[in-house]
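Participant: A predicted structure for the sequence below; I have some questions about it.
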Number of protein chains: 4
Amino acid sequence: MSQAPDPETGDRPVRRHDPDRAARIVEATVDVIAEHGVAGTTHRLIAAAADVPLGSLTYHFTGLDDLRAQAFALHAERMAVKYEAHFADAASLDDVVEAVTDLVHADADADDRDWAVAYELFLAALRDPALRTVTESWMRRSRGVLERFVDPTTSRGVDALVEGLVMHKVLSIRPVSRAETREIIARAVRPTTPQELPR
Amino acid sequence: MSQAPDPETGDRPVRRHDPDRAARIVEATVDVIAEHGVAGTTHRLIAAAADVPLGSLTYHFTGLDDLRAQAFALHAERMAVKYEAHFADAASLDDVVEAVTDLVHADADADDRDWAVAYELFLAALRDPALRTVTESWMRRSRGVLERFVDPTTSRGVDALVEGLVMHKVLSIRPVSRAETREIIARAVRPTTPQELPR
Amino acid sequence: MSQAPDPETGDRPVRRHDPDRAARIVEATVDVIAEHGVAGTTHRLIAAAADVPLGSLTYHFTGLDDLRAQAFALHAERMAVKYEAHFADAASLDDVVEAVTDLVHADADADDRDWAVAYELFLAALRDPALRTVTESWMRRSRGVLERFVDPTTSRGVDALVEGLVMHKVLSIRPVSRAETREIIARAVRPTTPQELPR
Amino acid sequence: MSQAPDPETGDRPVRRHDPDRAARIVEATVDVIAEHGVAGTTHRLIAAAADVPLGSLTYHFTGLDDLRAQAFALHAERMAVKYEAHFADAASLDDVVEAVTDLVHADADADDRDWAVAYELFLAALRDPALRTVTESWMRRSRGVLERFVDPTTSRGVDALVEGLVMHKVLSIRPVSRAETREIIARAVRPTTPQELPR
DNA sequence: AATGAATGAGTATTCATTCAT
DNA sequence: TATGAATGAATACTCATTCAT
């Protein structure tokens, strides 16, 4: 609409006046990270993915670090939103167990590609503390959702479990059964009964 | 003896004849990955860390990929050995809970540095299926240890939980309490009692 | 004008904005091939010959192969043009014989240096079929010129003879007489009279 | 025979006492040049082709240049011998025409691979005058063979023609007809009749 | 006498970033 | 304001040659 092709020549809409170009570049960066990893993310690949000239990247962003940080922030925001939406209709603990199982088995909206970007973010945050604000706020939101159903400690445990299970599932050579995943989650979600622990 | 450094000058012993140089290079590679990440791992850094000339790397290894793979294999082997040793004296489920908690809180031999390399491996394996044999065999050994105490499903759950909890702990801005970690693990280790799940 | 070298220091005019730099690089590549052969042609030598920074080569060309191919194409084009111009005024078969003799004895514009590049091209084309389009089109043009005077079979023979004679002349330790060359060519140019072949 | 495997162990004949190892290395060098060109000829490839340890090359030869020169000398010698043998039974000029045609069309023993090495030699000799003694003596022998049938000038012309025709044939995208080649050669072999040249 | 580990100079190529236009 | 040509530092990797064993 706003970026209609030039009515005079008709060919090659030179894309003058391109608002939210910056936003499009950030989205393209997420895609490139998903496909090539942080290590393989270059200005050139992003420019190609966003269909913008190379110089546009350093015009709108201070550098690759800036771009990466914004891409991760966008991704974390989207993952959190999906996460929240996913539990919107949960009423019982059974619903929660089912929802978490869906999450791990990608029946939710988040697929392997999304998780790959998430792990890229975790690893990057390990080395760059500036990214911890992104991971921290994402994790807080995830736990907040779960805390509508379970106590904070359980919430933290389930959240950690999801990340570990997804990693196992993605790295596993043989498929992991949904029933087993469900069973594992069910135990973690179960309310605290510490005296049950046998010798 | 015969190739002792020149006692006169003392500088640059020229280091001809250096057996298990290849092994030392692999160890240096683990160190470099720990410090700079896979993305920051270069021939130059490894050569400097191992104190060998640059050409030595491509003489002993086919390339950086080869070197990385061998470094990861070495690291996984060492982590598995530590893991196994860590549970050697465990007798009760209480011992297991304590041992797993130690694992997460780095009271075991594995410290943050070791886990950083582990996560580098996980992420690398996500993109390079050739590395899955390393992750797979490591995970199998970890679960094998736990299966001396709990059923296979529980074992898988605990293993995943450990990875998730370490990640949370490492990425967290505020420290995570050991008591909370212990509580989470205790629930996961607890034997299966599915009927307990309330509505 | 605006990018004149700094009148104060005078050194390194920084050479921003350099149109047809790519063309200059290709020409420099021909020179380097002439002087060092394909085997001795490196990015560094070409960059030095063209007086451009190293990174400029891979900015404008996909790699050394690309650069070599374009250099050979340029050279073949120039050789063909010289060849054609050389026969422009030929009217009789005698003129043709003289022109061909000139060609071999470098009285034409093509000198030993040009022929060296040509032989580099031939050898490269032997191993890289992609270069055959260059050699093929050059040879077709050469024969086209000769076919204004002689039949196609004769044309092909003369063309092959020129290449062989130049090679012999260039490789010979003792000089080859122009009269002998002329005699050899005269026989090849002579019209077809197959019945003359004696027993 | 002389290099029988070690009778004690039986496995891996360590090839102690290996006379004519030097000769075998030179032959391997010819093979490597044929397959990879002079530019792609390395110590490692030669050692692998000759099945000798790397250090053996610099033990028996002063360097790669030495090795190359000896390989070219061997090849030229073999080509000359083939050439001579090829004309041994020729009695008439017709036989000569046929023999030369065979030469170009590889019906003789020399195949494309042999010619590739020959052109590698020519090009190398262009840059390294030391190799001219090899090319010169080879060409002299070729012409000597032909001079049993034709005058020296014709001989030189035919020799040059063969090289040009083989080059054309090898580089041509479409096959060159044997009949056309024969026709071209027949004219070159024909005895001198200079007055025939028409205006 | 023979070898293979060792090395450093050299190779092509990539790429974040700058900046004249 | 926006761009794409330009650049130099850095990368992985090759290889002839040396030399301790």
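Facilitator: Ah, there it is. None of the values given here were measured: they were computed from a predicted structure. Numbering: from 1, shown residues only, chains lettered A, B, ... in the order given.
Participant: Now do the phi/psi pair for residue A:123.
Facilitator: Backbone torsions of residue A:123, given as degrees, to the nearest 10, read phi -70, psi -40.
Participant: pretty sure it is in contact with residue B:117, am I right?
Facilitator: No: contact between residue A:123 and residue B:117 fails when scored by CB atoms under 8 Å: they sit 10.9 Å apart. C-beta here means a position set from N, CA and C on the backbone, and glycine is covered the same way.
Participant: Just the strands from chain A, written as ranges.
Facilitator: Residue ranges of strands cannot be listed for chain A, since DSSP state E assigns none.
Participant: pull the longest helix from it.
Facilitator: The residue-count maximum for a helix in chain A (DSSP state H) belongs to helix A:64-86.
Participant: That helix packs against which elements?
Facilitator: In terms of contacts (3 or more CB pairs under 8 Å, 6 or more residues apart in numbering or on different chains; DSSP states H and E), helix A:64-86 is packed against helix A:21-36, helix A:93-104, helix A:112-127, helix A:132-146.
Participant: any idea how far the most centrally placed residue in chain A is from residue A:164?
Facilitator: Per CA atoms, centre = their mean, the C-alpha nearest to the average position across chain A is that of residue A:79, at 4.2 Å. Counting by CB to CB, to the nearest Å, the gap from residue A:79 to residue A:164 is 16 Å.
Participant: Repeat that for residue A:47.
Facilitator: 36 Å.
Participant: between these two, which one's more packed in?
Facilitator: The neighbour comparison of residue A:47 against residue A:164 (other CB atoms under 10 Å in any protein chain shown) goes to residue A:164, with 25 against 18.
Participant: Distance-wise, check the more buried one relative to residue A:106.
Facilitator: According to CB to CB, residue A:164 and residue A:106 sit 15 Å apart.
Participant: for chain A, which spans come out with low pLDDT?
Facilitator: Across chain A, the stretches falling below the confidence threshold (pLDDT under 70) are A:1-17, A:107-110, A:191-199.
Participant: Which residue does it have closest to chain D?
Facilitator: residue A:40 (30.4 Å; CB to the nearest CB).
Participant: and that residue, what is it in contact with?
Facilitator: Counting by CB atoms under 8 Å, 6 or more residues apart in numbering or on different chains, residue A:40 touches residue A:32.
Participant: so what's the backbone phi/psi at it?
Facilitator: phi -100, psi 10.
Participant: okay if I get the helices and strands packed on helix A:64-86 as TSV plus distance to residue A:55?
Facilitator: As requested, the helices and strands packed on helix A:64-86 are arranged in TSV below (distance: least, CB to CB, whole Å):
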stretch	distance to residue A:55
helix A:21-36	12
helix A:93-104	41
helix A:112-127	25
helix A:132-146	27
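Participant: Could you say which one of the ones you listed comes nearest to residue D:144?
Facilitator: Between residue D:144 and the helices and strands packed on helix A:64-86, the shortest gap by CB to CB is with helix A:21-36, which sits at 65.0 Å.
Participant: hmm, back to that, of all the helices and strands packed on helix A:64-86, which one comes closest to chain C?
Facilitator: helix A:21-36 (19.6 Å).
Participant: Report the buried residues of that closest one.
Facilitator: Buried residues in helix A:21-36, defined by neighbour count with 16 or more other CB atoms under 10 Å in any protein chain shown: A:21-22, A:24-34, A:36.
Participant: and that helix, is it in reach of chain B?
Facilitator: No: looking at helix A:21-36 against chain B by CB under 8 Å from any CB of the partner chain, there are no contacts, and the closest approach is 8.6 Å.
Participant: what sits up against that helix?
Facilitator: The set of residues external to helix A:21-36 that reach it, using CB under 8 Å, 6+ apart, is A:15, A:40-41, A:45-46, A:49-50, A:52, A:56-57, A:60-61, A:67-68, A:70-71, A:74-75, A:113-114, A:116-117, A:120.
Participant: so what's the residue of chain A found nearest DNA strand F up against?
Facilitator: Closest approach of chain A to DNA strand F (CB to the nearest atom of the strand) occurs at residue A:55, with a separation of 2.3 Å. Residues in contact with residue A:55, defined by CB under 8 Å, 6+ apart, are absent; none qualify.
Participant: how deep is residue A:74 tucked in, by neighbour count?
Facilitator: By other CB under 10 Å, the residues close to residue A:74 number 17.
Participant: need the contact list for the closest residue to residue A:168 other than its chain neighbours.
Facilitator: Closest residue to residue A:168 apart from its sequence neighbours, by CB to CB, 6 or more residues apart in numbering or on different chains: residue B:160 at 5.0 Å. With contacts defined as CB under 8 Å, 6+ apart, residue B:160 is in contact with A:161, A:164, A:165, A:167, A:168, A:184.
Participant: what about the third one, distance to residue A:106?
Facilitator: With distances taken as CB to CB, residue A:165 is found 11 Å from residue A:106.
Participant: between these two, which one's more packed in?
Facilitator: Neighbour comparison, residue A:165 and residue A:106: the larger count goes to residue A:165, with 28 against 16 (by other CB under 10 Å).
Participant: Tell me who's in contact with the more buried one.
Facilitator: A:104, A:176, A:181, A:184, A:185, B:157, B:160, B:164.
Participant: distance of it from residue B:74?
Facilitator: When distance is defined by CB to CB, residue A:165 is 27 Å away from residue B:74.
Participant: Over to residue A:181?
Facilitator: Where residue B:74 is concerned, residue A:181 sits at a distance of 31 Å (CB to CB).
Participant: before we move on, what about residue A:40?
Facilitator: With the distance defined as CB to CB, residue A:40 ends up 25 Å from residue B:74.
Participant: cool, and residue A:72?
Facilitator: 31 Å.
Participant: Same question for residue A:116.
Facilitator: Between residue A:116 and residue B:74 the distance, using CB to CB, works out to 25 Å.
Participant: can you check residue A:160 too?
Facilitator: Here the criterion is CB to CB. By it, residue A:160 lies 27 Å from residue B:74.
Participant: Enumerate every residue touching residue A:38.
Facilitator: Here residue A:38 is in contact with A:68, A:120, A:123, A:124, B:39 (criterion: CB under 8 Å, 6+ apart).
Participant: hmm, try it at 7 Å
Facilitator: The contact partners of residue A:38, taken as CB atoms under 7 Å, 6 or more residues apart in numbering or on different chains, are A:68, A:120, A:124, B:39.
Participant: Near residue A:139, how many other residues are there?
Facilitator: Residue A:139: 21 surrounding residues under other CB under 10 Å.
Participant: Looks like it contacts residue A:159 (just checking).
Facilitator: Yes: the pair residue A:139 and residue A:159 passes the contact test of CB atoms under 7 Å, sitting 6.5 Å apart.
Participant: Centre of the chain to stretch A:44-59, how far?
Facilitator: When C-alpha coordinates are averaged (CA atoms, centre = their mean, to the nearest Å), stretch A:44-59 and its chain have centres 23 Å apart.
Participant: what's the answer for stretch A:168-178, then?
Facilitator: Distance of stretch A:168-178 from the chain centroid (CA atoms, centre = their mean) equals 20 Å.
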